[in-house]
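1. how would this look folded up:
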Amino acid sequence: MNKANTLPLAEYLKRERITQVEFARRLDVAPNTVHRWIACNRRPGWTAMAKIIEATGGVVTPDSFLSDHNRECRAA
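-> Next up, the predicted model:
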């Protein structure tokens, strides 16, 4: 998957109609952890990032959490 096809986590969840709570369950993390990632208060560690990549089929990548690629983080 190239960078043009990656999405920020919030956009991916919206597109797929997945709640933050459901995504947190899929990754076995606390819902507030997913909220912090989306709000740009935290970035996922490598273990969580591997789970995110797998759960999203590679649509959400480490680049998705950088402000250059994420409107939500640029606005923060």
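2. ok, now which ones touch the spatially most central residue of the chain?
-> With distances taken as C-alpha atoms, centre = their mean, L9 lies nearest the centre of the chain, 2.9 Å away. By C-beta atoms under 8 Å, 6 or more residues apart in numbering, the contact list for L9 reads 34, 37-38, 52, 56, 60, 64-65. Placement of C-beta: from N, CA and C, glycine included.
3. need the residues you listed in a markdown table with neighbour count and secondary structure, can you?
-> Output for these, formatted as a markdown table (neighbours: other C-beta atoms under 10 Å; DSSP: H, G, I helix; E, B strand; the rest coil):
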| residue | neighbour count | secondary structure |
| --- | --- | --- |
| V34 | 27 | helix |
| W37 | 25 | helix |
| I38 | 20 | helix |
| I52 | 25 | helix |
| T56 | 21 | coil |
| V60 | 25 | coil |
| S64 | 24 | helix |
| F65 | 20 | helix |
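4. closest one to E16 out of the residues you listed, please.
-> Nearest to E16, judged by C-beta to C-beta, of these is T56 at 8.2 Å.
5. gap between that closest one and R15?
-> Distance of T56 to R15, computed by C-beta to C-beta, to the nearest Å: 10 Å.
6. low-scoring stretches of this protein, by residue?
-> Counting by pLDDT under 70, the ranges of the chain that qualify are 1-4, 67-76.
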